[in-house]
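Visitor: What follows is a predicted structure for the sequence shown.
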Amino acid sequence: MSIYIYFFFRFVLSWKSRNQMVGHRRKKKRTHVVPKEEEGTPKSFVIKAGSVGRSLAQLVRDTRKAMEPNTATRLRERRGNKLKDFVSVAGPLGVTHMLIFSRSKAGLPNLRIGRSPRGPTLSFHISAYSNTRDVMALQKNPRSVLQDFLTSPLVVLNNFGGDAKHIKLMATVFQNLFPTIRVQKMKLTDARRVVLFNFNAETGNVEFRHYSITVKTTGLSKSVKTILSAKIPDLNSFNDIGDFILRGAFASESDVEDAADSTVTLGQNYGKAHRKSEQRAVRLIELGPRLDLQLVKIQSGMCGGEVIYHSLVTKTKDEIKATESRLAKKRQEKDRRRAEQQRNVDAKKLANKAAGKEDDDEEGDDADMDDFSDQYDDADDEGGDMDEGEGEAEYEQDMDGKEGEDGDEDDQDEDEE
């Protein structure tokens, strides 16, 4: 009898598998929907210029991770690439900012943050930094969840008040590196990470920190939280589950009580275990990297142009007036050139209209050429170039505090992975 039952089940299984292979294939019911990008979302390139070494190259990769998802994570620089190569592809790809890591001739690490393609550019000296690997090595239970990097981090600016123009400009640049928060449309589950920029008024440095946001149940001991989180506790040193739960009586204050300032009422559901209108404790776990930045100078263009602010050079009132008058003449010349180009376009339209030709495409081309000509004319007026070498040499000169000729460091090393 058992033999007949065996062959019967074997026949049924073979019949099901044959039908699945022939005409009854499994249909996909769930489809991954790619989230739509909002207009005006800032995107970035995080690159390195010149030979930076293994440690700074790892810092570049960690910074790309912190800037996700609106950054080129797998971008690779080649030896022959120049800054103008990245600027030329930034427009079609919608890239708005560039973060350029480099080393000076003295070996000091530097960082430039520029708005593509017209600037401004903030040049920093990296006083100290720690990679993500170093930060996680100091933690008992490090956290790194892939889902946290699918949404942009929240931005927190601290101590950026005051009337100083360079501080306000720094705050604006840091804030525009990441997408703006729409409170009405934002989901609470999208708040996974936070980026902190803290300005130290005593030292004048900007501290960059990167954290992961976690939500914990309040008013419970650590042993009860372990059971509620569906984790199997280790009862090796306990007689029963009661002894494990009663361990909360001898736990530390941090395991039982949560600070009042870190407890919030959820306005939306946050995952499966945290529901709306419940009291939860918010914890921050550092992900890395860490950066201590010292502002050196601010330029009006993309790695070039007029120096708006310099921490090592001070100007007199006469020099400031001379600079302002020179910039005013430059703007007047630019407006005159633009008006002349517009008159030429209007004359060309009238001529084409008289000839009965379509001139819509030509008008668009003239407008594009107008923008590009203004961009490169500005660089020529300042005596600068979009090439990386001259900007890098000028920046190294400021870092070393010496006056020298502009060097050429156009070559860039490949990624050291």
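Guide: Now that the structure is in, tell me what you want to look at. None of the values given here were measured: they were computed from a predicted structure. Numbers count the residues shown, from 1 in each chain.

Visitor: What's the end-to-end length of stretch 188-198?
Guide: Terminal residues of stretch 188-198 are spaced 24 Å apart (CA to CA, to the nearest Å).

Visitor: Averaged pLDDT, it. What do you get?
Guide: For stretch 188-198, mean pLDDT rounds to 92.

Visitor: Same question for stretch 137-156.
Guide: So the average pLDDT for stretch 137-156 ends up being 88.

Visitor: in that stretch, what counts as buried?
Guide: Using 16 or more other CB atoms under 10 Å as the burial criterion, the residues of stretch 137-156 that qualify are 142, 148-149, 151-155. Placement of C-beta: from N, CA and C, glycine included.

Visitor: Likewise for stretch 153-169?
Guide: Using 16+ other CB under 10 Å as the test for burial, stretch 153-169 gives 153-155, 157, 160, 166-167, 169.

Visitor: any chance of the buried residues of stretch 137-156 in a markdown table, with distance to residue 285 and secondary structure too?
Guide: As requested, these are exported to a markdown table (distance: CB to CB, whole Å; DSSP: H, G, I helix; E, B strand; the rest coil):
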| residue | distance to residue 285 | secondary structure |
| --- | --- | --- |
| 142 | 8 | coil |
| 148 | 10 | helix |
| 149 | 14 | helix |
| 151 | 16 | coil |
| 152 | 18 | coil |
| 153 | 13 | coil |
| 154 | 14 | strand |
| 155 | 18 | strand |
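
Visitor: who touches residue 195 in this structure?
Guide: By CB atoms under 8 Å, 6 or more residues apart in numbering, residue 195 lies in contact with 66, 153-156, 178, 208-211.

Visitor: what about 6 Å?
Guide: The contact partners of residue 195, by CB atoms under 6 Å, 6 or more residues apart in numbering, come to 153, 155, 210.

Visitor: who does the last one bridge with?
Guide: In other words, residue 210. When bridges are called by DSSP bridges, residue 210 pairs up with residue 195.

Visitor: Tell me how many other residues crowd it.
Guide: The burial count assigned to residue 210 is 22, neighbours taken as other CB atoms under 10 Å.

Visitor: and it, what does it touch?
Guide: Residue 210 sits next to 66, 195, 287 when contact means CB under 6 Å, 6+ apart.

Visitor: The closest residue to residue 155 other than its chain neighbours: which element?
Guide: Distances taken as CB to CB, 6 or more residues apart in numbering put residue 178 closest to residue 155, at 5.0 Å, once the chain neighbours are dropped. According to DSSP states H and E, residue 178 maps onto no helix or strand at all.

Visitor: do you know how far residue 178 is from residue 117?
Guide: The gap separating residue 178 from residue 117 is 20 Å, by CB to CB, to the nearest Å.

Visitor: before we move on, what about residue 143?
Guide: Counting by CB to CB, the gap from residue 143 to residue 117 is 38 Å.

Visitor: now residue 339
Guide: 23 Å.

Visitor: Give me the more crowded residue out of those two.
Guide: Set side by side, residue 339 and residue 117 show more neighbours around residue 117, with 19 against 10, by other CB under 10 Å.

Visitor: Helix, strand, or coil at that one?
Guide: Counting by DSSP: H, G, I helix; E, B strand; the rest coil, the backbone at residue 117 sits in coil.

Visitor: For it, which residues are in contact?
Guide: 87, 302 are the contacts of residue 117 under CB under 6 Å, 6+ apart.

Visitor: let's see it at 8 Å
Guide: For residue 117, the contact set (CB under 8 Å, 6+ apart) comprises 87, 90-91, 302, 375.

Visitor: Check residue 309 too.
Guide: Applying CB under 8 Å, 6+ apart, we find residue 309 in contact with 165-166, 169, 295, 297-298.
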